[in-house]
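> I'll drop the sequence and a predicted model, then ask my questions.
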Amino acid sequence: MREARVVEIVTELDIVTARKLGRDEAKEIGFNDVDQSRITTAIGELAKNILLYAHAGKIVIEEVEENGLKGIAISSIDKGQGMKDVHKVLEDDYSSTSAGAGLPAVKRLVDLIEIESRVGQGTTIKVVKWLVRV
Amino acid sequence: MREARVVEIVTELDIVTARKLGRDEAKEIGFNDVDQSRITTAIGELAKNILLYAHAGKIVIEEVEENGLKGIAISSIDKGQGMKDVHKVLEDDYSSTSAGAGLPAVKRLVDLIEIESRVGQGTTIKVVKWLVRV
Amino acid sequence: MEQIRKQYKKILSDYIGNQNESDLYIGQNFIKRMIQKNVTPEEVISIHKQALEEVYDDLPDSVLHGYDFLIEVMVHFGLKVQEHQSLLAKQEELRIEMEIATKIQNLLLENEIPKPRSVDIGMISVPLRKMNGDYVHFMHDDERFLSVAVTDVVGKGVPAALCMSMVKYGLDTLEYANSNPSYVLEVLNRTIEKSIDDSMFVSLCYVRYDLSTNVLTWSSAGHEPSLYYDGESESFYDLESKGLLLGILPEAKYTQQDLDLKNGDFVILMTDGVTDFRNKEEFDSREIIKELALANRHLTAQEMCEVIYSELQKLHDFKLEDDFTVVIIKK
Amino acid sequence: MEQIRKQYKKILSDYIGNQNESDLYIGQNFIKRMIQKNVTPEEVISIHKQALEEVYDDLPDSVLHGYDFLIEVMVHFGLKVQEHQSLLAKQEELRIEMEIATKIQNLLLENEIPKPRSVDIGMISVPLRKMNGDYVHFMHDDERFLSVAVTDVVGKGVPAALCMSMVKYGLDTLEYANSNPSYVLEVLNRTIEKSIDDSMFVSLCYVRYDLSTNVLTWSSAGHEPSLYYDGESESFYDLESKGLLLGILPEAKYTQQDLDLKNGDFVILMTDGVTDFRNKEEFDSREIIKELALANRHLTAQEMCEVIYSELQKLHDFKLEDDFTVVIIKK
Ligand SMILES: [Mn+2]
Ligand SMILES: [Mn+2]
Ligand SMILES: [Mn+2]
Ligand SMILES: [Mn+2]
């Protein structure tokens, strides 16, 4: 397994870099074209969230293996404001003013999502997508 | 303007015939590829409804013109059971058992839908799609 | 998935071969089934691309890259479709919740029609949707007085249902069937004005019948006028009143009026759902109700209510547009 | 539409030319905006086809017919996306309706904390969602007795709200603050059992305090046990009771017990939302509440309630999972 790859997210260009790294990694691991697009989309949404809510942070992309199952893990780490209610950000915002996408979309694009957030200290979001969907 | 074209709907093959006539007519009138598909889909749903609920009936396809606006009109005419509550059949069935499509879909595919139904006497549904969407 | 790919390839290559309408029809039916199995649009593009590649081995690179681009952008339509599935599940939960709520609401507002010795009372109340926005409250707790309130909440759904609970609650705490109708309206009006949303009003017709003197005293707050049939003169009179809807002005005043109910007389209380037919300007519903009541005045009050309902339903092609409530008090 | 076609063609041909990630990113952002403008997937395919045709004039017929086929099948995804828009609008309507209902419900259940001379009463009741499934009812209509009912409906949403209206209604019609707690529970139980859905239960703790003798009489129906702090022995006692939840058995019997409230004593009534923390097995919530109450017993009853709420909220990372209600009666 290759080592984790880290992209610092400071400008919109970094979003593209993270997406590219993630897409290459996903291809390498063996994901098909649709899953490559989904993984890349998830990375893009996570990175955009960093810029929007924490201004800076990083995306870590790594291959994972568990019980003989290969997958890709993406972590989004920032030292921003943090969130008071992590449950809420995973719920769909069905109001008419919703911008769409965001974390509810990320949740749909992957198999697992874990959020750790402390108010004032930052947020870490880890998502995993398995090569064979669990 | 060409005269109305009538397709008797008795078997599933007639659905295809009606679709084909409708698609050709729509193309002739000048609808683009997407609208051709939508009009054809609407015709298919109307014809399928005839088979499902009245067993037999007809589809009438004609070019229409109003206030200098060209369009296509499709009528679905049957002598079946009729419907007690025409409002309800136009409402989306959001229940999990919904088969989808049906009249709510037809309504979305066209610009105008009119239903006349008498219990025990049959149903006439007329839809119109304008070349430039009103 | 392999099966799906094979079927898609077959339909697609058939279509490309001869451009028959039947293959488009088959293709659409196939996709409808795929949608029910939660296949997403980006997956369809991917299946399409692969099918084309297998059938034609000389596709230009530009076309293949084009499909990759399409898959990428279609991911967002796929997300919309999945969002729809979630929302449908949520909607289903809500539907079940509303069914339980309706059941509770109906129990909460249940009220038996009193059967006093000297008058005959009938009632019909049919909700347009699941929850009834009309409500009939009977009180007959002593031997002398019998009171009926016919109410209609302006507004629909859960807020209207809660508002109705409040009206019932207010009527119940007034306790005595012998209260003056105008007093009842004034008290209810204050409660509702104080505590309910600004957009929520209630129309109410309150009738108190004195079984010992046969005097019927009535008052009304913005409610559909009741009909009084005088058996002697064989004619109908509207029981009109200028009282404001409940919940508008805190200090609204209501007047009350008496009438003597003689043998052969009857009074019809109703909500506006009985007379309002927006799409049928040609009908004068109140005239029709008079005719129906007159023709059927030999029936019991309950039977009269039911005839009026079924005849009006027929006249309006079974397309009632509001909750429908009729109460008849017949001497 | 012409503008959209031009932009799409530009992004697509850039991508086909160099397969840069940035063009896929730009493409996705472009599509997100298109989706917000209600562009459908079949329209995107049509735009894509036309763009390709304009850039490459030698596309094989098979590819072009393939796009026609794709447009045809994508119509059904387009319908799903449009259905989603309608459902969203319906959801929004419902959201507004629920907001009004919540307002009415809160007004309906509003209840002032009584301020008698000889005891200090505090209360906090925080709903998890918009409608509160906990309810506190105070009665203090004569000078001698003061009663408090703390209730929790099993169930959420509108049905629970309606059920709560019924409980309030039942408590109000019992009228007198001096009723025996066990009698109150038996009457309420019969009403609820008779009239409410089989899946709907209510837990209730009823406490009557005699201001003239300082005797507190309590009874409970399947409710979270109250805590009694005895100032003399500086220790807590659970006020346990084996009474069934209201609404299960029509003839359920309830017992009541007395305790003398001395200066420095207090009683904490609460709902299970205060002690149930499914994800935090390591906490003994009742112990924590005792510690918090002990440490803050010099504060007013109201302040004690607020400290308990804010401390428990912090301990559980602000993730309360149920309606939260605490009432403190402090001598
Ligand atoms: Mn109404
Ligand atoms: Mn009405
Ligand atoms: Mn509860
Ligand atoms: Mn609870």
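Alright, I've got the coordinates. Ligands and ions are numbered 1, 2, ... in the order given.
> Could you use CA atoms for every contact and neighbour count after this?
Fine.
> Enumerate the residues of the stretch 51-200 of chain C near chain A.
Proximity of the stretch 51-200 of chain C to chain A, by CA under 8 Å from any CA of the partner chain, involves residues C:Asp68, C:Ile71, C:Glu72, C:Val75, C:Leu79, C:Gln82, C:Glu83.
> which bits of chain A sit near chain C?
Within chain A, the positions adjacent to chain C are A:Asp33, A:Val34, A:Ser37, A:Arg38, A:Thr41, A:Asp92, A:Ala101, A:Ala105, A:Arg108 by CA under 8 Å from any CA.
> Residue of the stretch 201-331 of chain C closest to chain D, please.
C:Phe201 (12.5 Å; CA to the nearest CA).
> the helices in chain A, which residues?
Assigned by DSSP state H, the helices in chain A fall at A:12-29, A:33-49, A:86-90, A:102-109.
> and the ones you listed, which is most packed in?
helix A:33-49 (a mean of 24; mean count of other CA atoms under 10 Å in any protein chain shown).
> Could you dump the helices of chain A into JSON lines with distance to D:Leu109 and mean pLDDT added?
Below are those laid out as JSON lines (distance: least, CA to CA, whole Å; pLDDT from 0 to 100):
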{"stretch": "helix A:12-29", "distance to D:Leu109": "51", "mean pLDDT": "97"}
{"stretch": "helix A:33-49", "distance to D:Leu109": "41", "mean pLDDT": "96"}
{"stretch": "helix A:86-90", "distance to D:Leu109": "27", "mean pLDDT": "76"}
{"stretch": "helix A:102-109", "distance to D:Leu109": "35", "mean pLDDT": "92"}
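> right, so of those helices, which gets closest to ligand 2?
helix A:86-90 (39.1 Å; CA to the ion).
> now for that closest one, which elements pack on it?
Applying 3 or more CA pairs under 8 Å, 6 or more residues apart in numbering or on different chains; DSSP states H and E, we find helix A:86-90 packed against helix A:102-109, strand A:112-118.
> residue contacts, residue 42?
Just so you know, I chose chain A. Shown in contact with A:Ala42 (CA atoms under 8 Å, 6 or more residues apart in numbering or on different chains): A:Ala105, A:Val106, A:Leu109, A:Val110.
> Chain C, not that one
A:Val34, C:Leu70, C:Ile71, C:Glu72, C:Val73, C:Met74, C:Val75, C:Phe77, C:Gly78.
> Please identify which of these is nearest to D:Phe266.
Lowest distance from D:Phe266 to the contacts of C:Glu42 (CA to CA) belongs to C:Gly78, with 58.5 Å.
> show me where the stretch 101-250 of chain C has helices.
All helices of the stretch 101-250 of chain C, identified by DSSP state H, counting those that start in this stretch, fall at C:157-174, C:181-195.
> Output the contacting helices and strands for the last one.
If I follow you right, that is helix C:181-195. The elements that helix C:181-195 packs onto, with contact taken as 3+ CA pairs under 8 Å, 6+ apart, are helix C:157-174, strand C:201-210, strand C:215-221, helix D:61-108.
> want to try CSV for those, with mean pLDDT as columns?
Below are the helices and strands packed on helix C:181-195 laid out as CSV (pLDDT from 0 to 100):
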stretch, mean pLDDT
helix C:157-174, 79
strand C:201-210, 94
strand C:215-221, 96
helix D:61-108, 88
